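*Asks:* what shape does this take:
(2 chains)
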Amino acid sequence: MSQFFLLMENIIELNKVTKKFGGITALNKASLHVKKGEVVGLIGDNGAGKSTLIKTLVGVYSPDEGDIIIRGKEVNSWNALKAREAGIETVFQDRALTPQQSIVKNIFMGKELRYPFGFIKEKKQINEANRLIREIGFTSKLINAESAVGNLSGGERQGVAIARAIYNNAELIVLDEPTNNLSLNETQKVFDFVLNVKKSNRSVLFIGHNIYHVYDISDRFVILDRGEVVHELNKENVSSPEELMKIMRQTIISH
Amino acid sequence: MNNNKSFITNMFHKNGRALGSIGYFTLLMAIFLIGAPEAWIRPNLHQSVFVMMPTLIFLTIPLVFLVASGEIDLSFASTYAVAAYVFALLVKNGVDPAICFVAGVFTGAAIGALVGTLIVVFRLSSLVASLGVLFLLRGVILLLTKSRSITIMEVENHWIYPLLVGKFYGFPMQIFWAALFVIFCYYFFNKHVFGIHIQHVGDNSVSAEQMGINVSAVKIKAFMFVGIGAALGGIFTTLITYTFFPTQGFGYLLLALAAVFVGGTPYWGGLGTIIGAVFGVGVIAYMEIGIIAIGWSGEWRQFFNGLIILLALLGHRLHGERVR
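*Replies:* Purely as a prediction, here's the structure:
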């Protein structure tokens, strides 16, 4: 029973969240939750509000209305730092890197390993970063933790962003369009990564517009359209990506 | 990237910008040494540099932080005078000079914080807004003092005077404090969360924000630091000369900015070098004196300052474009 409960625990829950930019309503009472150990695929057309939804979820935007509930507790003044402290790490669509800085600085950006008074454990950071980039296997052997991120390829940059997300043993990893502009090989690595996270009973929120990618790795699908969550369904109820696409089209048309 | 190259490129990448300004400094010294060897070995030439350099260091190094954060400040040249004015006025009114010193530094920090908040909260252009503050504060000073200076000979009898600007075995104490300030700033910029966050913010503020760095707070703190540096510069100069005068600091505006860029900190943000800036200050300070020492007229100073700024900018280009 207790294990069942643990399994059902919501890491995060957005309850009827509304976000407006000027006169445009980007999110309209959208609700979303992610349970422990599950992979949720968030799908929807361009402009459906996927990015706004996840940026609200991870504290980059603050919602105009609605509640954010972390492990059953409602939070006030949600922001990006609080989200990271709550164990939520994000691989943003733009990777959120600073290209003139080194890989190690990027991996520890905002969550530097510190001595008292804010001085940085530089050596430890470099060792950890070197270990991480090998582990991820995204970067070539010629690149080390002190190379500038600006010299890396798109896939390698994605590797740095992912290394950052896994370093802190996040409970929930949010991946916004992680397979964009990646080669087949690199895409497979992202999938392997998601499966590894799931295996360790942590959660993933996967945002993509490639239905095939989302279908393959998700346990549950959430369909977003014009800022509203229009449909939710479990993998058991969908037999193929084609069917998912059909369902998505129908719900969007009838919405 | 090939393997052989990567060590050298890495090494150059980490230190190249500082190496550039060290190169300018060495070149300049070599020219002066060849041009006027007899003037160059006289200690009083270097002594006058020792008066100017600490002040210029207090002004320039914090500017490296600010420029690396992607902002610029011109108002520091007036903050300098405001802090010095507060210091001198309090001393004149019989307040303990040590307390006056702290009050002056706090004044600088407060002005910096105000300027920074104004720029960050209202999203103003830091160049234009700080230009406004530069004139505004200078106007306030001129109005308050009615353009009269304040002499504070009495500080000489207080322990703060020998401690800050006295002589230690013939060696001016301000050089020691400036050196300490440089070491502190080196660690603060390269090994401390403050400096690292400044570099992230100046590099890509959207990324920094997404990773939970409070971009506004980082920028305001950088402006504050510039205010503190300006106050230190103003107070030290006032102590050395026993005099506050209302136009104080104005002459340092362009010199300090020049030292930042000659020192190898690029204008576009995200990068900066403290060691480079020290040599940048060295170039500017020796240029002021060296031109005369080798027997050329003072008019050449500005010409060469200009030339070296352009060379420094070309150096930024040669070192590499901004990577995105």
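
*Asks:* nearest residue to B:V105 other than its sequence neighbours?
*Replies:* Nearest non-adjacent residue to B:V105, counting by CB to CB, 6 or more residues apart in numbering or on different chains: B:A231, 4.8 Å away. Where you see a C-beta, it was placed from the backbone N, CA and C, and this is true even at glycine.

*Asks:* pull the contacting residues for that neighbour.
*Replies:* The neighbours of B:A231, taking CB atoms under 8 Å, 6 or more residues apart in numbering or on different chains as the test, are B:79-80, B:83-84, B:104-109.

*Asks:* which one of those residues sits closest to chain A?
*Replies:* Closest approach to chain A among the contacts of B:A231 (CB to the nearest CB): B:A109, at 18.0 Å.

*Asks:* please enumerate the helices of the stretch 51-200 of chain B.
*Replies:* For the stretch 51-200 of chain B, applying DSSP state H, counting those that start in this stretch gives helices covering B:76-92, B:97-121, B:126-145, B:160-165, B:173-190, B:193-203.

*Asks:* among those helices, where is the model least confident on average?
*Replies:* Of all those, the minimum mean pLDDT falls on helix B:160-165 (a mean of 93).

*Asks:* can you give the distance of that helix from its chain's centre?
*Replies:* Helix B:160-165 has its C-alpha centroid displaced from the chain centroid by 21 Å (CA atoms, centre = their mean, to the nearest Å).

*Asks:* and if you look at stretch A:52-72?
*Replies:* When C-alpha coordinates are averaged (CA atoms, centre = their mean), stretch A:52-72 and its chain have centres 13 Å apart.

*Asks:* using CSV, list the CA coordinates for that stretch.
*Replies:* In CSV, the C-alpha atoms belonging to stretch A:52-72 read as follows (Å, rounded to 0.1, in the frame of the first residue of the first chain):
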residue,chain,number,x,y,z
THR,A,52,4.8,28.7,-21.9
LEU,A,53,3.4,25.8,-19.9
ILE,A,54,6.8,24.3,-19.1
LYS,A,55,8.4,27.7,-18.4
THR,A,56,5.6,28.4,-15.9
LEU,A,57,6.2,24.9,-14.4
VAL,A,58,9.9,25.5,-13.9
GLY,A,59,9.5,29.0,-12.6
VAL,A,60,10.8,31.1,-15.5
TYR,A,61,7.3,32.7,-15.9
SER,A,62,5.1,33.4,-13.0
PRO,A,63,1.4,32.5,-13.6
ASP,A,64,-1.3,35.2,-13.5
GLU,A,65,-3.8,32.8,-12.0
GLY,A,66,-3.7,29.2,-10.7
ASP,A,67,-1.7,27.2,-8.2
ILE,A,68,1.6,25.3,-8.3
ILE,A,69,1.8,22.4,-6.0
ILE,A,70,5.1,20.6,-5.2
ARG,A,71,4.8,17.2,-3.6
GLY,A,72,1.4,18.1,-2.2
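
*Asks:* which parts of that stretch are buried?
*Replies:* Neighbour counts over stretch A:52-72 (16 or more other CB atoms under 10 Å in any protein chain shown) mark A:52-61, A:63, A:66, A:68, A:70 as buried.

*Asks:* and for stretch B:114-123?
*Replies:* Residues B:114-116, B:118-120 are the ones in stretch B:114-123 that count as buried (16+ other CB under 10 Å).

*Asks:* quick one: which of those residues is nearest A:L152?
*Replies:* Of all these, A:L152 sits closest to B:V120, with 31.0 Å by CB to CB.

*Asks:* which residue sits closest to that closest one, ignoring its sequence neighbours?
*Replies:* For B:V120, the spatially nearest residue (CB to CB, 6+ apart) is B:S216, at 4.7 Å.

*Asks:* I figured that neighbour hits B:F122, correct?
*Replies:* No: counting by CB atoms under 8 Å, B:S216 does not reach B:F122; the two are 11.3 Å apart.

*Asks:* so who does A:F108 touch?
*Replies:* Applying CB under 8 Å, 6+ apart, we find A:F108 in contact with A:120, A:125, A:129, A:164, A:167.

*Asks:* just the pLDDT at it, thanks.
*Replies:* 97.

*Asks:* any idea how far it is from A:S102?
*Replies:* Distance of A:F108 to A:S102, given as CB to CB, to the nearest Å: 10 Å.

*Asks:* show me which residues of chain A sit near chain B.
*Replies:* Proximity of chain A to chain B (CB under 8 Å from any CB of the partner chain) is limited to residues A:59-60, A:79-84, A:90, A:92, A:94-101, A:105, A:109-112, A:114, A:118-120, A:122, A:142-144, A:146-148, A:150-151.
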